[in-house]
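Visitor: I'd like to go over a predicted model; first the sequence, then the structure.
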Amino acid sequence: MTARLNAEFVTDVLNMVDLIPTGRVASYGQIAKLIYRPHNARLVGKVLGKYGGKGHHPCHRVVTANGRLVPGWIDQRPMLEAEGVPFKDENHVDINHCRWQGL
DNA sequence: CGCTTGACTCGCC
DNA sequence: GGGCGAGCCAAGC
């Protein structure tokens, strides 16, 4: 995972998301930091929406730092719920309790 | 070639 | 504790 500005970045993001354990979620900033790009959190979401949606990566386990799910993606809630992720609201997960600590 | 937008984050009020 | 604004990077028009 080197500091690249192209496909390497995408590969690293997808790789990180793919290794998130079931019943656990990670925030965009968390992943961005793991790939040495703390300011590219927005890119993580963009990548997931493009490559993640096309590939077989558990992009549904990735939420915002606030624990909010993807706006417009209603299927994300039941998917996370089925994996054992506690929910605060219909659009917010208890990220404080299920945050991925794979650091 | 430059402005707009986006599955974000953090600081300030 | 919740709402608002600024910052950052990349892709699309």
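Guide: The structure has been received and is ready for your questions.
Visitor: which positions in chain A make contact with DNA strand B?
Guide: A:27-30, A:32, A:41-46, A:48-49, A:52-53, A:59-60, A:62, A:64-66, A:70-71, A:73 (C-beta under 7 Å from any atom of the strand). (C-beta placed from N, C-alpha, C; glycine too.)
Visitor: do you know the pLDDT at A:Gly53?
Guide: Confidence at A:Gly53, expressed as pLDDT, is 80.
Visitor: can you name the next helix or strand after the strand or helix carrying it?
Guide: Element membership for A:Gly53 (DSSP states H and E) is helix A:53-54. Counting by DSSP H and E, the next helix or strand C-terminal to helix A:53-54 is strand A:62-63.
Visitor: paired strands for that following strand, with orientation please.
Guide: Counting by DSSP bridges, the strands paired with strand A:62-63 are strand A:26-27 (parallel).
Visitor: and the gap between A:Glu83 and A:Val25?
Guide: 9 Å (C-beta to C-beta, to the nearest Å).
Visitor: how far out from the middle of the chain is the helix or strand of chain A with the lowest mean pLDDT?
Guide: Across the helices and strands of chain A, mean pLDDT, DSSP states H and E gives its lowest value to helix A:53-54, namely a mean of 81. Centroid displacement of helix A:53-54 relative to its chain, using C-alpha atoms, centre = their mean, to the nearest Å, is 14 Å.
Visitor: contacts for that helix next, please.
Guide: When contacts are defined by C-beta atoms under 8 Å, 6 or more residues apart in numbering, helix A:53-54 is touched by residues A:Cys59.
Visitor: ok, back up a step: would the helix holding A:Gly53 count as contacting DNA strand C?
Guide: No - on the criterion C-beta under 7 Å from any atom of the strand, helix A:53-54 is out of touch with DNA strand C, staying 12.5 Å away.
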